[in-house]
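Q: Take this sequence and fold it.
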Amino acid sequence: MSTPWTDLPTHRAWLQAHGESLLAFGRRVAVPGGGAAWLDDEGAPVVERGVQTWITCRTVHVYALGHLLGVPGSRPVAQGALAALLPGGVLHDAEHGGWFGTVRRAGAGGGVEVVSDAKEAYQHAFVLLAASSGVVAGLDGARELLDEAARVYLDRFWDEDAGLSVDTWDRAFTACDPYRGINANMHSVEAMLAVADVTGDPAWLDRAARIGGFVVRQAAAQGWRIPEHYSDEWVPEPDLNRDCPDDPFKPFGATVGHGLEWARLLLHLEAALVAAHEADPGLPQAGGPVDGAAEGSTWAEAAAALFERAVADGWAADGADGFVYTTDWAGEPVVRDRMHWVVAEATNAAAALHTRTGEPRYADRYAQWWDYADRYVLDHEHGSWHHELDPTNTPAGTVWPGKADLYHAFQATLVPRLPLAPSMATAVASGLFVTP
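A: Purely as a prediction, here's the structure:
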């Protein structure tokens with residue numbers, strides 16, 4: 001029996017080298033005056049897309065990790081992107097608080113045009129993540145940013161009664177859209193785990209567990225396909241965007257990649273809860289069933305079920321290798337394009353499940369999907385990953401033109417080398433790399 005790739009020092013060295021190549025690809029991402037650009041196929045900024053909060057935050061996070069890894073040139077990129085989020089930065093709303101979705105430089109005079117002034121939980125969750133990683137990396141202004149981001153998130157987005165995040169406000173935080181969504185809550189869990197590690201406040205873990213429990217219960221009732229869209233009363237809306245099935249943020253049906261991403265996040269959550277209980281036995285234990293879950297599923301059992309459903313529905317579902325983007329509620333493919341982030345999350349989920357269980361089948365899948373990524377998704381000519389492939393595994397740009405950012409690809413180089421807890425920046429800063 002061969003050694004699993006995740007246990008091979010040579011594979012870990014390959015992951016490190018690939019991560020460094022991704023950082024090199026994105027070296028032009030920082031925008032003069034603050035923020036980060038959407039990148040094209042060759043890593044050049046796409047000016048007409050403006051400066052977007054989620055891209056900027058992901059850039060701070062990735063290059064903060066690069067700095068913690070000791071990769072020269074990473075800190076200036078992270079600091080330059082972070083500048084847009086700080087008071088006086090182009091993305092920060094000094095009047096009403098929070099952060100704009102998108103801004104754009106207006107002409108030669110250098111004025112700033114607000115393109116999207118909606119305040120979205122998705123974007124604000126990434127502000128929390130960026131600030132947390134920035135604090136660990138010692139970026140100037142990151143601690144103050146984290147304090148403000150936490151206040152805004154808790155005041156405006158967190159619904160304590162529901163144990164979930166609302167989705168979108170208008171600029172002045174006077175009108176809340178009735179739509180509720182799992183995507184923003186998923187990234188909220190990721191951010192909450194990071195904030196808990198940086199602040200030491202276990203309330204963030206409790207919030208993450210409440211979100212995770214809701215998703216487990218909803219998915220279990222739907223054959224482990226996750227309903228993504230809800231009313232303001234948290235009633236599922238399974239037909240939303242049926243007429244716009246390839247929406248990049250709110251697609252119709254079950255999103256295969258989110259099943260994989262949630263599988264990993266539940267394992268991170270479980271590990272964080274276990275560690276917190278060990279540090280303070282007064283906190284709840286994490287080894288038992290998820291509160292209210294069908295058949296008493298534990299976090300690990302739910303993660304495995306989500307993984308198996310996503311793989312059964314999504315991998316080579318139409319006869320060609322690769323994960324389809326979405327399926328209907330019977331598991332039939334709807335959007336058959338292959339998105340780069342899905343295979344990144346597939347390798348991450350397989351690695352996390354192998355770490356948690358030691359089962360060889362997860363290691364086998366991990367190697368299979370990296371082989372697929374190397375053959376089709378990695379751009380060996382220009383660098384980074386093709387963000388979208390058509391059903392024949394040919395590069396496309398219908399949903400994701402260019403190579404927007406490095407977040408999913410770069411994290412795929414770290415997840416197999418780190419423990420399930422603490423969160424990524426804290427683990428890297430602490431030197432908690434897993435060795436065979």
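Q: residues near residue 281, how many?
A: Per other C-beta atoms under 10 Å, the neighbour tally for residue 281 reads 8. (Each C-beta comes from the backbone N, C-alpha and C, glycine too.)
Q: Now do the SS call for it.
A: Classification of residue 281 using DSSP: H, G, I helix; E, B strand; the rest coil returns coil.
Q: Low-confidence stretches in the protein?
A: Across the chain, the ranges flagged by pLDDT under 70 are 1, 107-110, 287-288, 292-296, 436.
Q: how about the helices of it, start to end?
A: 9-25, 53-68, 74-82, 121-137, 142-152, 182-199, 203-221, 256-279, 299-314, 340-357, 360-372, 407-412, 424-429 (DSSP state H).
Q: Out of those, which is closest to residue 400?
A: Taking C-beta to C-beta, helix 340-357 is the member of these nearest to residue 400, at 7.7 Å.
Q: Please put the alpha-carbon coordinates of the closest one into CSV.
A: Provided in CSV are the C-alpha atoms of helix 340-357 (Å, rounded to 0.1, in the frame of the first residue of the first chain):
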residue,chain,number,x,y,z
HIS,A,340,-12.0,25.9,-10.0
TRP,A,341,-13.1,26.6,-6.4
VAL,A,342,-15.1,23.4,-6.3
VAL,A,343,-12.2,21.1,-7.0
ALA,A,344,-10.1,23.1,-4.5
GLU,A,345,-12.7,22.5,-1.9
ALA,A,346,-12.9,18.9,-2.9
THR,A,347,-9.2,18.3,-2.1
ASN,A,348,-9.6,20.3,1.1
ALA,A,349,-12.6,18.2,2.3
ALA,A,350,-10.9,15.0,1.4
ALA,A,351,-7.7,16.0,3.2
ALA,A,352,-9.8,17.1,6.3
LEU,A,353,-11.7,13.9,6.4
HIS,A,354,-8.5,11.9,6.0
THR,A,355,-7.0,13.8,8.9
ARG,A,356,-10.2,13.2,11.0
THR,A,357,-10.7,9.5,10.2
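Q: which helices and strands does it pack with?
A: With contacts defined as 3 or more C-beta pairs under 8 Å, 6 or more residues apart in numbering; DSSP states H and E, helix 340-357 has these neighbours: helix 256-279, helix 299-314, helix 360-372, helix 407-412.
Q: Could you point out which of those helices sits nearest residue 58?
A: Set against residue 58 and scored by C-beta to C-beta, these come closest in helix 407-412, at 4.0 Å.
Q: Go ahead and name everything in contact with the closest one.
A: Outside helix 407-412, the residues within contact range by C-beta atoms under 8 Å, 6 or more residues apart in numbering are 19, 22-23, 58, 61-62, 65, 340-341, 344-345, 347-348, 384-385, 424.
Q: ok now do the residue nearest the centre of the chain, which residues does it touch?
A: Centrality entry for the chain: nearest residue to the mean C-alpha point is residue 187, 5.6 Å, by C-alpha atoms, centre = their mean. Counting by C-beta under 8 Å, 6+ apart, residue 187 makes contact with 122, 125-126, 129.
Q: same check, this time on residue 167
A: Residues in contact with residue 167 (C-beta under 8 Å, 6+ apart) are 120-122, 176-177, 179-181, 184.
Q: which of those are buried?
A: Among the contacts of residue 167, those classed as buried by 16 or more other C-beta atoms under 10 Å are 120-122, 176, 179-181, 184.
Q: now the helices of the chain in JSON lines, with distance to residue 236?
A: Output for the helices of the chain, formatted as JSON lines (distance: least, C-beta to C-beta, whole Å):
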{"stretch": "helix 9-25", "distance to residue 236": "37"}
{"stretch": "helix 53-68", "distance to residue 236": "25"}
{"stretch": "helix 74-82", "distance to residue 236": "36"}
{"stretch": "helix 121-137", "distance to residue 236": "18"}
{"stretch": "helix 142-152", "distance to residue 236": "28"}
{"stretch": "helix 182-199", "distance to residue 236": "10"}
{"stretch": "helix 203-221", "distance to residue 236": "7"}
{"stretch": "helix 256-279", "distance to residue 236": "14"}
{"stretch": "helix 299-314", "distance to residue 236": "17"}
{"stretch": "helix 340-357", "distance to residue 236": "22"}
{"stretch": "helix 360-372", "distance to residue 236": "29"}
{"stretch": "helix 407-412", "distance to residue 236": "26"}
{"stretch": "helix 424-429", "distance to residue 236": "31"}
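Q: Return the distance of the residue nearest to the centre of the chain relative to residue 396.
A: Between residue 187 and residue 396 the distance, using C-beta to C-beta, to the nearest Å, works out to 25 Å.
Q: Residue 331 too?
A: Look at residue 331 and residue 396: by C-beta to C-beta, they are 23 Å apart.
Q: again with residue 309
A: When residue 309 is compared with residue 396 (using C-beta to C-beta), they lie 26 Å apart.
Q: The two: which has the busier surroundings?
A: More neighbours surround residue 309 than the other of residue 309 and residue 396, with 23 against 17 (other C-beta under 10 Å).
Q: wait, what's in contact with that one?
A: So residue 309 contacts 223-225, 259, 331 (C-beta under 8 Å, 6+ apart).
Q: one step back: among the contacts of residue 167, list the two that are farthest apart in space.
A: Spatial extent of the contacts of residue 167 (C-beta to C-beta) is set by the pair 122 and 176 at 14.4 Å.
Q: Give me the neighbour count for residue 310.
A: Neighbour count of residue 310, defined by other C-beta under 10 Å: 29.
Q: quick one, what contacts it?
A: Neighbouring residues of residue 310 by C-beta under 8 Å, 6+ apart: 256-257, 259-260, 263, 323, 346, 349.
Q: ok, the closest residue to it other than its chain neighbours - contacts?
A: Excluding its sequence neighbours, the residue lying closest to residue 310 (C-beta to C-beta, 6 or more residues apart in numbering) is residue 259, at 3.4 Å. For residue 259, the contacting residues are 219, 224-226, 306-307, 309-310, 313-314, by C-beta under 8 Å, 6+ apart.
Q: Looking at the buried ones among the contacts of residue 167, which is nearest residue 148?
A: Lowest distance from residue 148 to the buried ones among the contacts of residue 167 (C-beta to C-beta) belongs to residue 121, with 15.7 Å.
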